[in-house]
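[1] build the 3D model from these lines:
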Amino acid sequence: MSTIDPQAASLREIAEQSNAWPFEEARKIVARLARKPKDEVIFETGYGPSGLPHIGTFGEVARTTMVRHAFRVLTDDKVKTRLIAFSDDMDGLRKVPDNVPNKELLAHHLGKPLTRVPDPFGTHPSFGAHNNARLRAFLDHFGFDYEFMSSTECYMSGRFDKALLTVLARFDKVMAIMLPSLREERAATYSPFLPIDPETGIVLQVPVIAHDAAAGTITYEHPDTKTPVTTPVTGGRAKLQWKPDWAMRWLALGIDYEMAGKDLIDSVKLSGEICRALGGTPPEGFNYELFLDEHGQKISKSKGNGLTIDEWLRYASPESLSLFMYQNPKSAKRLYFDVIPRAVDEYQQFLEAYPKQDVKQRLSNPVWHIHAGNPPKPDMPITFQLLLTLVSSSNAENAETLWGFIGRYRPGVTPATHPKLDALVGYAINYYRDFVAPTKRFRDPTDSERVALTDLRDALSNLAAGASAEEIQNVVYEIGRREPFLDTKKPAKDGRPGVSLDWFNMLYQVLLGQEKGPRFGSFVAVYGLKNTVDMIDGALARSA
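    Presented below is the predicted three-dimensional model:
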């Protein structure tokens, strides 16, 4: 965790008025403490390890961490905080995920707690342990300050015993809350407790025919023998259905803040009612919108649709992912490969704006929240979109070629002086190979476009070798100031008709085989005037 600014008092006063969503959330916790003071505030995020961790899982931790830091600012860092990353690895495996090897191995263990299911990857003692390790490795990679907690360990160690006995003592109250939310058929056999078969290890979905709070036991009918079986609810010999389980966990761990997806709004309400029935206070939180795949479908761990954590990091920086998580958490967003370039460049834009802002503006800048109040200095001379276009135009699939262009455009800039740019070069090459190259489609210019391209070629040929990006852009703009590219609705600064995006889109479609690109003058400045002229000649010859 970062240290809070020494001028925290003035920072706090501004933060108290900030409309940045992490501060809005943190103020809920401050109000909670005012109603019920305590020495420590506990944040929680939940993870269901039935599938591999996905970006949505990371997003919940990243966003909660932002709220945690905002709370520390609002309280001058005088209240101890903890963040628990909780894994529901005691849940039974309901179906075999689509994105794992050795599916037949898992099929033989359906119904067992995830920590008793063999690891199909063969690297850990169980499937739950494997997925937990994947989650922890990623959270560690990002430097999150958190405590990992396993549901299995909490149940087996007795940590949940006291809260489980409270649920048993208030069995009827819990049932009264849950039954109205269930279909008639399910309500007829529902029990908040799920016994675990001592022989098969399966989490049994069976009705409880008796419960004894004094003895701490439940009695159920064994599904095979049809004989009554009595078992303690403690020591990992039973677990709770997930909504009562969530409420019990809030009580047992003293959770003060937990956010959840929009699809869990009703579940949060029910678990909150159960928590109050158990004598606890539900945590503060909010419901974020869900991430969608390229088809607009909800991302699912078991389906493996959408992006994985590793995939994003193959194409972009961790900071760009954090920005994506920060922005508009209550709006549904597509989480697919095509959102990456924009996220990378927007992060850099926010970083470059930060030093020029006052404190109030900085507290609304995403990079303040991404970097816990201490963002790095901006030092990225080239945008990601420009790098992608360079790779596309030169078919350069090695970093050395790209660095040749960069070094000519920005003398003195090298991989050694700009390691983050060097990483960006690698991301751009990966992205080009996987997404741009397979979809490149050059279109032929129309007759009027051929004339315009020829004029552009001649104009660029007459520019001095050291022409700036702005000088080149002005030339490109003037050549495009003709039909059919005139934009009479948006006049230029000189009052004459402007140039529509159709002109620039045509340049990218005809010359580079892609729909859009960066500022064309900047691209030419990096790529080189002669290279650009040759590229235009090639396009004209190709379509002759």
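[2] which residue is nearest the middle of the chain?
    By CA atoms, centre = their mean, the chain has its centre lying nearest to Gly59, at 3.7 Å.
[3] for Phe43, grab phi and psi.
    The phi and psi torsions at Phe43 (degrees, to the nearest 10) take the values phi -100, psi 150.
[4] before we move on, back to that, how near is the residue nearest to the centre of the chain to Ile309?
    Per CB to CB, to the nearest Å, Gly59 is found 10 Å from Ile309. Where C-beta positions appear, they are placed from N, C-alpha and C, glycine not excepted.
[5] now do Ile406
    Taking CB to CB, one finds Ile406 at 29 Å from Ile309.
[6] hang on, the earlier thing: for the residue nearest to the centre of the chain, which non-adjacent residue is closest in space?
    Met325 (4.2 Å; CB to CB, 6 or more residues apart in numbering).
[7] wait, isn't the one you found in contact with Val61?
    No: if you go by CB atoms under 8 Å, Met325 and Val61 don't touch, sitting 9.1 Å apart.
[8] so which of the two has more stuff around it?
    Met325 (25 against 22; other CB atoms under 10 Å).
[9] neighbours around Pro97, how many?
    19.
[10] so where does the residue nearest to the centre of the chain fall, helix or strand?
    Per DSSP states H and E, Gly59 falls inside helix 55-74.
[11] and that helix, what's its mean pLDDT?
    The average pLDDT for helix 55-74 rounds to 93.
[12] over to stretch 436-444?
    On average, the pLDDT along stretch 436-444 is 91.
[13] cool, and stretch 352-364?
    Taken as a whole, stretch 352-364 has a mean pLDDT of 96.
[14] stretch 237-252 now?
    Here stretch 237-252 scores 98 as its mean pLDDT.
[15] let's see it as CSV, backbone CA atoms only.
    C-alpha atoms of stretch 237-252 as CSV (Å, rounded to 0.1, in the frame of the first residue of the first chain):
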residue,chain,number,x,y,z
ARG,A,237,-18.8,-31.8,7.6
ALA,A,238,-21.5,-29.5,6.0
LYS,A,239,-21.5,-26.3,4.1
LEU,A,240,-24.1,-23.6,3.5
GLN,A,241,-26.0,-22.9,0.3
TRP,A,242,-24.4,-19.9,-1.3
LYS,A,243,-26.7,-17.1,-0.2
PRO,A,244,-26.8,-18.1,3.4
ASP,A,245,-23.0,-18.8,3.1
TRP,A,246,-22.4,-15.3,1.9
ALA,A,247,-24.3,-13.8,4.8
MET,A,248,-22.6,-16.1,7.3
ARG,A,249,-19.2,-15.1,5.9
TRP,A,250,-20.0,-11.4,6.3
LEU,A,251,-20.8,-12.1,9.9
ALA,A,252,-17.9,-14.4,10.7
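[16] please name the nearest non-neighbouring residue to Phe138.
    Leaving aside its sequence neighbours, Phe138 is closest to Ile309 (5.1 Å, by CB to CB, 6+ apart).
[17] how near is that neighbour to Asn398?
    To Asn398, Ile309 is 26 Å away according to CB to CB.
[18] those two - which one has more neighbours?
    More crowded of Ile309 and Asn398, by other CB under 10 Å: Ile309, with 22 against 10.
[19] buried residues, stretch 405-425. List them.
    405-406, 409-410, 413, 418, 421-422, 424-425 (16 or more other CB atoms under 10 Å).
[20] span of stretch 361-379 from start to end?
    21 Å (CA to CA, to the nearest Å).
[21] neighbours of Tyr427, how many?
    Other residues lying near Tyr427 total 21 when counted by other CB under 10 Å.
[22] contact partners for it?
    Applying CB atoms under 8 Å, 6 or more residues apart in numbering to Tyr427 gives the contacts 314-317, 344, 384.
[23] if we can go back for a sec, my read is that the residue nearest to Phe138 contacts Phe58, right?
    Yes: judged on CB under 8 Å, Ile309 makes contact with Phe58 at a distance of 5.9 Å.
[24] what residues are shared contacts of the two?
    Contact criterion CB under 8 Å, 6+ apart; residues shared by Ile309 and Phe58: Phe138.
[25] picking up where we left off before, following the helix holding Gly59, which helix or strand comes up?
    Following helix 55-74 toward the C-terminus (DSSP H and E): strand 80-87.
[26] avg pLDDT for the helix or strand just after that following strand?
    Once the chain leaves strand 80-87, the next helix or strand it forms, by DSSP H and E, is helix 103-107. Per-region confidence: helix 103-107 scores 94 on mean pLDDT.
[27] quick check: Arg433 touching Ala396?
    No: counting by CB under 8 Å, Arg433 stays clear of Ala396, with 11.0 Å between them.
[28] and these two? which has more neighbours close in?
    Ala396 (20 against 12).
[29] quick check: that one vs Phe171, distance?
    On the measure of CB to CB, Ala396 and Phe171 end up 68 Å apart.
[30] next one: Arg159
    Relative to Phe171, and taking CB to CB, Arg159 is found at 21 Å.
[31] just Ala469 next, same as before
    As judged by CB to CB, Ala469 and Phe171 stand 72 Å apart.
[32] show me the helices in the stretch 151-300 of the chain, by range?
    Ranges of helices in the stretch 151-300 of the chain, per DSSP state H, counting those that start in this stretch, are 151-157, 161-169, 171-178, 184-187, 242-253, 265-277.
[33] hmm, who's touching the last one?
    For helix 265-277, the external contacting residues (CB under 8 Å, 6+ apart) are 170, 173-174, 177-178, 181, 242-244, 246-248, 250-251, 260, 281-282, 285, 287.
[34] which of these count as buried?
    Using 16+ other CB under 10 Å as the burial test, those include 170, 174, 177-178, 242-244, 246-248, 250-251, 260, 281-282, 285 as buried.
[35] which of those residues lies closest to Phe43?
    The closest of these to Phe43 turns out to be Gly285 (CB to CB; 9.5 Å).
[36] OK, contacts around the closest one?
    Gly285 touches 25, 257-260, 268, counting by CB under 8 Å, 6+ apart.
[37] quick check: which element contains Ser393?
    Per DSSP H and E: helix 384-394 holds Ser393.
[38] show the average pLDDT along that helix.
    In this model, helix 384-394 has a mean pLDDT of 91.
[39] can you name the next helix or strand after that helix?
    Heading C-terminal from helix 384-394 (DSSP H and E), you reach helix 399-409.
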